[in-house]
Structures are given as structure tokens and as C-alpha cells.
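Here is the input, now give the coordinates:
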Amino acid sequence: MSRKICKKRTKISISWQFALIFALLTIGTIFFFLVVNTIFLKRFYIYNKEKALRDAYASVEAAAVNSSLDSEEFDQKLTSTVLRYNIDVIVVDVDSEMVAFKCKDLESMKLALWDKVFMEENIPEQVVEQTENYKLSITTDRRTGIEYIEMWGYLSNENIFLMRSALQSIEESARITNKFMENVGLLAIVIGTIIILLLSRRIAKPILELADISDRVRNLDFEARYEGHQKNEIGLLGHNINKMSEELKQTISELKVANVKLKQDIEKKEKLEEMRSEFLSNVSHELKTPISIIQGYAEGLSEGISEDKESRDYYCSVILDEAGKMNTMVKRLLTLNELEFGQDNVNMERFDIVTLINNRLQAADIMIKQNDINVIFESKMPIYVWGDEFKAEEVFTNYLSNAINHCSGEKRIEIKIDSDKDKARISVFNTGENIPEDSIGHIFEKFFKVDKARTREYGGSGIGLSIVKAIQEMIGQGYGVINQKGGVLFWFEMEAAKIKND
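As a prediction, the model looks like this:
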């Protein structure tokens with residue numbers, strides 16, 4: 001699918017682009033050579049012929065100076081020059097006797113030399129160079145109509161010479177060459193284009209694969225990998241794309257983790273702000289009543305409402321009682337605050353939960369007897385658990401106080417420990433009214449009170465069960481409340497340790 005997308009995005013594929021570039025370059029090269037061949041070939045050819053004629057003249061002039069025009073050595077040298085450059089040469093003396101010649105048509109050369117000597121002014125020509133000894137020009141033979149480049153003049157021994165080379169074939173050669181180049185060029189374009197298409201498709205295949213991989217990476221598919229093993233730039237690009245994919249994957253993963261952490265921090269901050277607001281609201285509400293009572297009784301004392309000692313003592317006892325309740329509530333709030341904000345350390349140790357319960361029952365014995373409550377706790381053998389003994393004592397004390405304050409009817413409290421190899425569940429049951437079903441889910445919330453009037457009567461603040469919740473959640477153990485027939489059962493769990501029988 002991605003490969004199709006890549007093809008749709010490029011109007012002309014890389015293969016066809018390479019082929020088109022090759023074709024244009026080939027056409028341009030052929031056109032360049034055709035233009036050069038047409039315009040400059042004749043000029044270049046004439047230039048070389050001029051140089052050949054000058055070299056031949058230098059050779060003949062040197063032989064004339066040395067009087068060796070009839071020597072075998074000169075004859076061989078002249079023959080080599082004539083054959084190499086396709087030049088006709090004739091040399092005659094002042095008596096018109098042949099001294100040396102190398103040509104295909106001797107008679108034609110004699111007549112041409114005769115015309116130069118006696119009819120020069122009547123011969124149309126294009127003079128290329130003229131010195132005291134020779135004239136180099138381009139002319140047309142009046143008899144044959146053939147165009148020549150020729151040089152004629154006098155040697156230092158006063159012999160007359162004529163050297164020339166036909167130019168008529170050069171234009172035909174240029175035309176044939178151009179036609180040949182056109183045909184060869186067309187064939188080269190066709191064959192070259194096919195070869196370029198095949199080669200470029202081989203080159204383009206890994207490029208298209210890289211484009212497909214980059215498209216998948218763009219869509220966050222980091223499993224895409226380039227599997228090629230080329231040692232060229234494409235292989236390097238594939239390696240870099242793989243590396244970039246890994247780094248992007250790692251970076252996005254880190255960003256997601258950071259985003260989750262940031263979200264958690266924001267939620268925590270919002271929760272803390274909400275808890276702070278709720279805390280201030282509840283504290284203000286809870287402190288309002290005792291402060292009002294203290295203020296009222298204090299004003300009564302200061303205004304002397306009652307002058308008898310018994311009334312003043314009563315007023316003072318009420319003030320002390322309310323101040324004590326406020327002090328207890330503030331301490332509990334500080335304890336709860338430390339637990340909820342993780343400022344209280346947990347000291348895990350192995351201890352006997354049975355001994356802890358017995359100690360707390362003994363401490364609460366006076367309150368139990370004052371309320372005429374029958375406490376049943378039949379565990380005698382030690383049961384060891386792991387936990388923070390101080391915090392476990394706090395949990396049990398809250399449950400026991402809650403049971404004493406709400407115990408009614410038969411006025412019975414039953415304490416049980418159910419243990420196995422992993423857990424020890426401590427339950428506190430008290431007879432009395434069940435908790436309303438709409439309240440049982442809120443019973444462990446801060447400042448929640450089922451019966452506010454009764455809670456106020458025994459000095460409850462609605463914080464004790466919140467402390468139980470905070471402690472149990474801190475150590476990762478369960479807790480809860482269950483309505484039962486004839487009463488309510490609260491429970492909490494501890495991690496069981498080795499049970500030792502004394």
C-alpha cells in the first residue's frame with residue numbers, strides 16, 4: 001500500500017527520469033557533434049592540409065638547397081609525405097624539365113602549373129598565405145571543376161614547384177559522417193534507454209524500499225527495518241533510517257512515560273488541592289462547635305452568670321472537656337496528614353498480635369466496665385505477624401473505641417483472629433444497630449459520621465476510621481466493615497509470620 005502511495009506522489013519514476021536524462025544527454029551530444037562536424041570539420045581539415053603543404057615545402061626547399069632533389073633519400077621522404085597527406089607534387093626547372101614529381105595525374109599537374117605561371121591573374125582563388133617564395137590558396141581547377149588547396153612558387157635554386165590536395169571529398173565526408181552519427185546515435189538512445197531503465201530500476205528498488213520504510217516510520221510503525229547490505233550511500237542511508245527509527249521509538253517511549261508521569265503529577269496535585277480544600281472545610285466545621293461552646297462558657301464565667309462554686313466548676317469542666325476533644329482531634333488530624341502524604345515511615349517487624357490485643361483490652365478495661373460491656377476474646381496462644389506494631393495498635397484501638405462507643409442491645413464485643421500461613425485477619429464485632437446501606441461505603445472517609453449527635457456525645461471526630469484506611473493502604477493490607485445480624489463487624493489483615501506455641 002505504501003509503495004503505491006510513493007508511486008502516486010512521483011509523477012515520473014526515478015527509472016524513467018534516468019532514462020530521460022540519458023536520452024537528452026545523448027541527443028545533445030549527437031547534436032553538438034553534428035554542429036561541430038558541419039561547421040568546423042572543413043576548417044580543421046584545411047588547417048591540417050595547410051600544415052602538410054608547409055611541411056612538404058620545407059622538405060623540398062631543403063633538398064633544393066642541398067642539390068639533392070634527384071637523390072634516393074629525398075625521393076623516399078617525399079613519397080612518405082605525399083602518401084601520408086594525399087598531396088600531389090611537381091617540381092620543374094627554368095627550362096620546364098621535370099626535376100621531381102609525385103602525383104596521380106602528371107599531365108593535369110603540368111597544365112595546372114602552366115596556368116599558375118602564365119595565367120595566374122585569370123584564376124579565381126582565395127589566398128590563404130603569400131610570401132616572397134610561395135603562395136598558399138584555395139582554388140578550383142578550371143578544367144575538372146575540383147576544388148584544391150594548393151601551394152606554388154619558386155625554390156631557392158629557381159626551380160618552380162606546385163603542391164596541391166583536393167578538397168571536394170571533405171564535404172561529402174562530413175555529410176556521410178553526420179548521417180552515420182544520426183543513425184548510430186538513434187540506436188544508442190534506444191539501447192541506452194533500455195539499459196538505463198533496467199539498471200535504474202535495480203538502483204531505484206532499494207530507494208523505493210527506503211521510501212516505504214520512512215512512510216511507515218512517519219506513521220509510528222517502528223518495526224520497519226531496512227534489510228539491505230549495500231556498501232554504498234543507499235546502504236548508509238538505510239542504516240541511518242534504522243538508527244533514527246530506534247531513537248524515535250525510544251524518544252517517543254520516554255515522552256509517553258514522561259507524559260503519564262506528568263499526568264499523574266497533575267492529578268496528584270489536583271487531588272492534594274482537593275484534599276486540602278476538603279480538609280480545611282472539615283476542620284473548620286469540626287472545630288466550630290467546640291470553639292463556640294468554649295467561647296460561650298468562658299464568656300459566662302467572665303460575666304459572672306453563676307457565682308456558686310459548683311456552677312463555676314461545671315463551666316470549667318465543660319471548657320476543659322471541649323479543649324481536650326479539640327486537642328485529640330488535632331493530634332489525629334496530624335497523624336492522618338502524615339500518613340496520607342507519606343511522611344510517616346513504616347517500621348516492619350515481627351510481633352505477637354494476641355499480646356497487643358490483650359494489652360489494649362487491659363488499657364480500655366475501665367471504659368469497658370463503665371459501659372457494662374462483655375468482651376469476648378478467646379485467643380490465648382501467640383499469633384505472630386509482620387507489620388508496624390505501633391500502627392497495628394492504632395488500627396485495633398480505633399476499632400475497639402468505635403465498638404465500645406456504638407455497642408448497644410446485648411452489649412457484647414467479640415474479638416477474633418483467623419490466621420493461615422499467609423494472612424491473619426483480626427475482627428472486632430459489637431452488638432447494636434447496623435450501619436445504613438447508603439453510609440457503609442463512606443464509613444472510612446474523613447469526618448464522615450453516621451449519627452453526628454451520638455458521635456458528638458462521646459467525643460468522636462470522624463477521623464479514626466480514616467487513620468485505619470491510611471495505615472492499611474500504606475502497608476498494602478485489607479480492611480473493611482460488614483453488617484451482621486445483631487451488630488457490625490470491622491476487620492483488618494496483617495501478614496502472617498511463623499506461629500509459635502508457648
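
low-scoring stretches of the stretch 251-400 of the chain, by residue?
Applying pLDDT under 70 to the stretch 251-400 of the chain flags residues 275-290, 292-293, 297, 301, 303-307, 311-312, 321-322, 324-345.

in it, which spans are strands?
Assigned by DSSP state E, counting those that start in this stretch, the stretch 251-400 of the chain shows strands spanning 349-352, 374-377, 384-387.

Identify the neighbouring strands of the last one in the sheet and state each direction.
Looking at strand 384-387 with DSSP bridges, its paired strands and their directions are strand 349-352 (antiparallel), strand 487-496 (antiparallel).

possible to save those strands as TSV with distance to residue 211 and mean neighbour count?
(Each C-beta comes from the backbone N, C-alpha and C, glycine too.) Compiled in TSV, the strands paired with strand 384-387 are given as follows (distance: least, Cβ to Cβ, whole Å; neighbours: other Cβ atoms under 10 Å):
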stretch	distance to residue 211	mean neighbour count
strand 349-352	65	16
strand 487-496	59	20
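
gap between residue 112 and residue 75?
From residue 112 across to residue 75, the span is 22 Å (Cβ to Cβ, to the nearest Å).

between these two, which one's more packed in?
residue 112 (25 against 15; other Cβ atoms under 10 Å).

from the middle of its chain, how far away would the host helix or strand of the more buried one be?
Secondary structure assignment for residue 112, by DSSP states H and E: helix 106-118. Per Cα atoms, centre = their mean, to the nearest Å, the displacement of helix 106-118 from the mean C-alpha position of its chain is 89 Å.

List the contacts of the helix or strand that comes right after it.
Using DSSP H and E, the next helix or strand after helix 106-118 towards the C-terminus is strand 125-130. Outside strand 125-130, the residues that touch it by Cβ atoms under 8 Å, 6 or more residues apart in numbering are 50, 135-139, 149.

again, 6 Å this time
Contacts with strand 125-130, where a contact means Cβ atoms under 6 Å, 6 or more residues apart in numbering, come from 136-139.

Next, please give the residue ranges for the helices of this protein.
Per DSSP state H, the chain carries helices over the ranges 2-9, 14-65, 72-85, 106-118, 168-218, 233-303, 309-340, 353-363, 365-370, 389-406, 452-458, 464-475.

of these, which approaches residue 377 most closely?
Comparison of the helices of the chain against residue 377 by Cβ to Cβ identifies helix 353-363 as nearest, at 6.4 Å.

Only the buried residues of the closest one, if you could.
Under the neighbour-count criterion of 16 or more other Cβ atoms under 10 Å, helix 353-363 has 353-354, 356-357, 360-361 buried.

same check, this time on stretch 140-151
Residues 140-141, 147-151 are the ones in stretch 140-151 that count as buried (16+ other Cβ under 10 Å).

Between the two ends of it, how far is it?
Start to finish, the residues bounding stretch 140-151 are 13 Å apart (Cα to Cα, to the nearest Å).

distance between it and the chain's centre?
With Cα atoms, centre = their mean, you get 80 Å for stretch 140-151.

and what of stretch 416-425?
In terms of Cα atoms, centre = their mean, the centre of stretch 416-425 is found 55 Å from the chain centre.

What's the end-to-end length of it?
8 Å.

And for that stretch, what's in contact with it?
So stretch 416-425 is contacted by 379, 383, 385, 426-427, 491, 493-494, 496 (Cβ under 6 Å, 6+ apart).

With respect to residue 400, which of those residues is nearest?
Taking Cβ to Cβ as the measure, residue 426 is the one of the contacts of stretch 416-425 closest to residue 400, at 10.6 Å.

Please identify which of the helices of the chain is closest to residue 432.
With Cβ to Cβ, the closest approach to residue 432 among these belongs to helix 389-406: 5.2 Å.

helices or strands up against that closest one?
Here helix 389-406 touches helix 353-363, strand 423-431, helix 464-475, going by 3 or more Cβ pairs under 6 Å, 6 or more residues apart in numbering; DSSP states H and E.

out of the ones you listed, nearest to residue 395?
Of those, nearest to residue 395 by Cβ to Cβ is helix 464-475, at 5.0 Å.

Remind me what that closest one packs against, helices and strands.
helix 309-340, helix 389-406.

swap the cut-off to 10 Å and go again
The elements that helix 464-475 packs onto, with contact taken as 3 or more Cβ pairs under 10 Å, 6 or more residues apart in numbering; DSSP states H and E, are helix 309-340, strand 384-387, helix 389-406, strand 479-484, strand 487-496.

For residue 436, give me phi and psi.
Reported as degrees, to the nearest 10, the phi and psi values for residue 436 are phi -60, psi 140.

pretty sure it contacts residue 483?
Yes - contact status for residue 436 versus residue 483: in contact at 9.1 Å, counting by Cβ atoms under 10 Å.

Who has more neighbours out of the two?
Ranked by neighbour count (other Cβ under 10 Å), residue 436 and residue 483 place residue 483 first, with 14 against 11.

Ok, which of the strands of the stretch 251-400 of the chain comes nearest residue 258?
Short answer: strand 384-387, nearest of the strands of the stretch 251-400 of the chain by Cβ to Cβ, at 35.6 Å.

Run through who's touching the closest one.
Strand 384-387 is contacted from outside by 346-356, 392, 395, 417, 419, 423-424, 426, 471-472, 475, 477, 493-500, using Cβ atoms under 10 Å, 6 or more residues apart in numbering.

Who is residue 163 paired with across the strands?
With DSSP bridges as the rule, residue 163 is bridged to residue 89, residue 151.

which residues does residue 60 contact?
Contact analysis of residue 60 by Cβ under 10 Å, 6+ apart lists 69, 74, 77-78, 81, 89, 91, 99-100, 155, 159, 161, 163.

For the residue positioned nearest the centre of the chain, give me the pLDDT.
Closest residue to the average C-alpha location of the chain: residue 248 at 3.4 Å, with Cα atoms, centre = their mean. Here the pLDDT value assigned to residue 248 is 74.

quick one: it from residue 214, how far?
11 Å.

for residue 265, same thing?
Taking Cβ to Cβ, one finds residue 265 at 35 Å from residue 214.

what do you get for residue 494?
The value you get for residue 494 to residue 214, if Cβ to Cβ is used, is 59 Å.

Residue 391 now?
Using Cβ to Cβ, we find residue 391 at a distance of 58 Å from residue 214.

Neighbour count for the two, which is higher?
Neighbours were counted for residue 391 and for residue 214 using other Cβ under 10 Å; residue 391 has more, 21 against 18.

quick one: that one and residue 467 touch, right?
Yes - Residue 391 lies in contact with residue 467 (Cβ under 10 Å); the separation is 9.0 Å.

got the contact list for residue 166?
Neighbouring residues of residue 166 by Cβ under 10 Å, 6+ apart: 49, 86-88, 104, 141, 144, 146-150.

Relative to residue 178, which of those is nearest.
Nearest to residue 178, judged by Cβ to Cβ, of the contacts of residue 166 is residue 147 at 19.7 Å.

can you tell me which residues contact the residue nearest to the closest one when sequence neighbours are not counted?
Leaving out its chain neighbours, the residue that sits closest to residue 147 by Cβ to Cβ, 6 or more residues apart in numbering is residue 167, at 4.5 Å. Contacts for residue 167 were tallied using Cβ under 10 Å, 6+ apart; they are 42, 45-46, 49, 138-140, 146-150.

mind checking how far residue 167 is from residue 387?
From residue 167 to residue 387 the distance is 120 Å (Cβ to Cβ).

what's the answer for residue 154, then?
Counting by Cβ to Cβ, the separation of residue 154 from residue 387 is 136 Å.

ok, now residue 87?
Distance from residue 87 to residue 387, counting by Cβ to Cβ: 123 Å.

again with residue 207
67 Å.

Please apply the same query to residue 78.
Using Cβ to Cβ, we find residue 78 at a distance of 127 Å from residue 387.
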